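Novice: Task: produce atomic coordinates for the following.
(one chain, ligands or ions: 1)
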Amino acid sequence: MTPPSTLRRRRHGARGAAAVAVLTLAVTAAVAVPAQAAGSTLKDAAADRGRYFGVAIAANKLSDSTYSTIANREFNSVTAENEMKLDATEPSQNQFNFTNGDRIVDWALANGKTVRGHTLAWHSQQPGWMQNMSGTALRAAMLNHVTQVATHYRGKIHSWDVVNEAFADGSSGARRDSNLQRTGDDWIEAAFRAARAADPGAKLCYNDYNTDNWNWEKTQAVYSMVRDFKARGVPIDCVGLQSHFNSGSPYPSNYRTTLSSFAALGVDVQITELDIEGSGQTQAETYAKVVADCLAVTRCTGITVWGLRDSDSWRSSGTPLLFDSQGNKKAAYNAVLDTLNGGVTPTPTQNPTPTQNPTPTQNPTPTQNPTPTQNPTPTQNPNPGGACSATLTVSSSWPGGYQGNVTVTAGSSGISGWRVTLPGGVSTNNVWNGQVSGSVVTNAPYNGSLGSGQSTSFGFIGQGNAPSGGTLTCS
Ligand code: G3I
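Specialist: Below is the predicted model:
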């Protein structure tokens, strides 16, 4: 079997040679770089942007050839929709059943895909014996479950949803009441420590819904927990945003701020259960926005849709997925593919997706609550005739620091490199997708070439008070 990372390297290898040739041409002849060849499947297009594209799978549908053909062709990551949950894997206490989970993992690995593990500890879908437990007995049973399941799958899981949905909805910002929560506030970190010990190679995620809108209390509560975990060394590597969108819980315009703010804590961000109710162009445009937002945040490392065809969805009446019930590609599919290929972007942001990962190396770990911020929607290019223009937005701030994001847009001629001067008073040595020297940020090796009107972005962690946003000098 060829591991997926090798496959990706091969694709990158082929395109990498082309990219070097193109870069050389751009440097010597100072011409704009032509668009890359487009990936023709979601997994290839995503891989070209350094991301995975995943799908939730049901084991009993793998024998449906329409289903398994599409899943294999389009996706390079899978999540078991139900088969690795507590009721499925430990139906009687300390008697584990991995039959259906193994079917999915074996199918995934045999077909060169990575696997997201879902989920080790959750208040819901607990087996009956666990529902009736409490206190220290429940805590021990939960930790045993985490240990046994993570050990069984050790070495086969890319990322585990270690804890799922532990915060309450609404404005309380509190933990959700549950039998697990009643064992003590530290149950979440205990679960993460047990998972790390059992499978040190897996990324460990906290996963939740209604955490997409940066201004919501629940989002802020999860953010505070992750920041606290990072500050205290609790082993957490990623945050999963489920992102089930519909009219009651719509895609928020500040979604990108949410993604980048979590990422700035020093964790990966994964969109773990994406579905968007609706149809036609409206649905397609929302899908495109979600994908563009992920591409704009370097540490947004992948997207998983929660089911294959509309008929497979837990919300099938809302037709929220990328394939119709016959397995045909919907407008939403085309919008996702185009956005991954850099063609149809609802906001003028193009993420470079480096092969070398320019993630921030320093964790800002602010000690106070963050200030929920305004949506950093990039403004239109104010200087379309010049070499380039740049706009600064501040996506989050805290006492003593902030995260800045700068969108660089080429003028009508296209450019082969850029140089942005940060505002006076800005102090940073932590820049990603760019190279900083004093107050000047220049392009990284991979994002200097922009065609006419094309954009890229870089981010930085600043010390002190956040500057006001606006236009910066770009040359
Ligand atoms: O397989 C049985 C079937 O034999 C039985 O006849 C039928 C009768 O109700 O139930 C079937 O099981 C159902 C199972 O889905 C498989 O379809 C369960 O009742 C049903 O509760 C279960 O729903 C799942 C739900 O989690 C449970 O909480 C959905 O498929 C699954 O998509 C959903 O996934 C969750 C994520 O884990 C966490 N985030 C939210 C997301 C959506 O609710």
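Novice: Could you check how far whatever residue of the stretch 251-400 of the chain ends up closest to the ligand is from Val426?
Specialist: Closest residue of the stretch 251-400 of the chain to the ligand, C-beta to the nearest ligand atom: Trp314 (3.6 Å). Every residue, glycine included, has its C-beta placed from N, CA and C. Distance of Trp314 to Val426, computed by C-beta to C-beta, to the nearest Å: 46 Å.
Novice: What pLDDT does the model give the residue of the stretch 251-400 of the chain closest to the ligand?
Specialist: We have a pLDDT of 98 for Trp314.
Novice: Let me see the contact set for it.
Specialist: 81, 306-307 (C-beta atoms under 8 Å, 6 or more residues apart in numbering).
Novice: Report the secondary structure state of the residue nearest to the spatial centre of the chain.
Specialist: In the chain, the centroid-proximal residue (C-alpha atoms, centre = their mean) is Gln270; its distance is 2.7 Å. Recorded secondary structure, Gln270: strand (DSSP: H, G, I helix; E, B strand; the rest coil).
Novice: Quick one: the strands in the stretch 251-400 of the chain, in order.
Specialist: With strands called from DSSP state E, counting those that start in this stretch, the stretch 251-400 of the chain shows them at 268-276, 300-305, 388-398.
Novice: Distance to the ligand for those - can I get that in a markdown table?
Specialist: Converted to a markdown table, those look like this (distance: least, C-beta to the nearest ligand atom, whole Å):
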| stretch | distance to the ligand |
| --- | --- |
| strand 268-276 | 5 |
| strand 300-305 | 11 |
| strand 388-398 | 26 |
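Novice: Switch those over to a markdown table; also include distance to Asn254.
Specialist: Shown next, in a markdown table, are the strands of the stretch 251-400 of the chain (distance: least, C-beta to C-beta, whole Å):
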| stretch | distance to Asn254 |
| --- | --- |
| strand 268-276 | 14 |
| strand 300-305 | 15 |
| strand 388-398 | 9 |
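Novice: weakest of those strands in terms of mean pLDDT?
Specialist: Mean pLDDT per stretch puts strand 388-398 lowest among the strands of the stretch 251-400 of the chain, at a mean of 80.
Novice: and the helix or strand just after it, how far out from the chain's middle?
Specialist: Toward the C-terminus, strand 388-398 is succeeded by strand 401-410 as the next helix or strand (DSSP states H and E). Computed by C-alpha atoms, centre = their mean, to the nearest Å, the chain-centroid distance of strand 401-410 equals 19 Å.
Novice: Just checking: what are the partner strands of strand 401-410?
Specialist: Sheet pairing for strand 401-410, assigned by DSSP bridges, gives strand 388-398 (antiparallel), strand 455-463 (antiparallel).
Novice: Any stretches of the stretch 101-250 of the chain with poor pLDDT?
Specialist: Residue ranges of the stretch 101-250 of the chain with pLDDT under 70: none are present.
Novice: Enumerate the residues of it near the ligand.
Specialist: With C-beta under 6 Å from any ligand atom as the criterion, the stretch 101-250 of the chain meets the ligand at residues 124-125, 164, 209, 242.
Novice: from these, which ones fall inside strands?
Specialist: Using DSSP state E, the members of these that fall within strands are Asn164.
Novice: Let's have the residues of the stretch 101-250 of the chain next to the ligand in CSV, adding distance to Ser439.
Specialist: Formatted as CSV, these follow (distance: C-beta to C-beta, whole Å):
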residue, distance to Ser439
Ser124, 51
Gln125, 53
Asn164, 44
Tyr209, 41
Gln242, 40
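Novice: Now the buried members of the residues of the stretch 101-250 of the chain next to the ligand.
Specialist: If you count burial by 16 or more other C-beta atoms under 10 Å, the buried members of these come out as 164, 209, 242.
Novice: Thr136: which of those is nearest?
Specialist: Set against Thr136, the nearest of those by C-beta to C-beta is Asn164 (22.2 Å).
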